[in-house]
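*Asks:* structure here, sequence nowhere to be found:
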């Protein structure tokens with residue numbers, strides 16, 4: 001089931017031209033990765049596997065919610081239908097949004113030293129330690145597939161220009177984006193800082209598990 005979930009999610013996300021749908025279908029693939037972690041926990045009963053699952057879940061929540069937050073930020077500033085064509089050349093019209101979205105895309109890909117890398121590293125290591133090396137290999141292959149559609153977003157924003165005029169970016173006098181910007185700042189800080197120092201969060205996950213299981 002985990003392999004099927006990873007494969008279906010990544011293949012469908014691969015052909016999307018709408019970023020919201022791409023992220024939604026990629027969520028299916030990430031659910032498959034989490035299922036791998038649960039398989040590892042069930043096979044070994046190791047607390048390291050359980051903490052890896054919790055770490056990955058927290059990392060994915062920060063990355064995915066952050067990415068959706070950037071899309072809301074863009075929509076608050078210009079006409080935006082969430083298509084790949086509409087984010088082409090975004091680094092020139094909204095450089096801040098392009099930079100933040102790139103951080104989330106790179107982290108979702110699993111590029112070190114961002115939090116997404118450590119989430120996959122801990123999870124896949126737990127799967128290997130549980131004796132399911134072949135499942136970890138499939139997961140790595142599926143991660144390589146996902147790298148195409150995540151990095152395509154970055155490439156379009158920085159290395160392609162729209163053939164037509166970009167929609168005008170409007171000011172935000174009402175401060176509609178303030179709450180979104182604050183949330184994005186927290187998410188970016190988590191992705192970068194926890195990615196640089198993941199051990200405290202992993203230890204916190206292990207401590208939380210000990211409290212839950214009473215040991």
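*Replies:* Cool, the structure landed. Not measured: the values here are computed from a predicted model.
*Asks:* which residue lies nearest the spatial centre of the protein?
*Replies:* residue 108 (3.1 Å; Cα atoms, centre = their mean).
*Asks:* give the next helix or strand downstream of the host helix or strand of that residue.
*Replies:* According to DSSP states H and E, residue 108 maps onto helix 95-109. Per DSSP H and E, the first helix or strand lying C-terminal to helix 95-109 is helix 115-129.
*Asks:* tell me what that next one is packed against?
*Replies:* helix 19-44, helix 47-77, helix 95-109, helix 133-159, helix 195-196 (3 or more Cβ pairs under 8 Å, 6 or more residues apart in numbering; DSSP states H and E). Where C-beta positions appear, they are placed from N, C-alpha and C, glycine not excepted.
*Asks:* and the angle from that helix to helix 95-109?
*Replies:* 0 degrees (axes from the mean of the first three to the mean of the last three Cα atoms, to 10 degrees).
*Asks:* give me the contact list for helix 115-129.
*Replies:* By Cβ atoms under 8 Å, 6 or more residues apart in numbering, the residues outside helix 115-129 that reach it are 33-34, 36-37, 39-41, 44, 46, 48-49, 51-53, 55-56, 59-60, 62-63, 106-112, 133, 135-136, 139-140, 143, 190-192, 194-195, 198, 202.
*Asks:* what about burial for the residues you listed, which qualify?
*Replies:* Applying 16 or more other Cβ atoms under 10 Å to the contacts of helix 115-129, the neighbour count classes 33-34, 36-37, 39-41, 44, 48-49, 51-53, 55-56, 59-60, 62-63, 106-111, 135-136, 139, 143, 190-191, 194-195, 198, 202 as buried.
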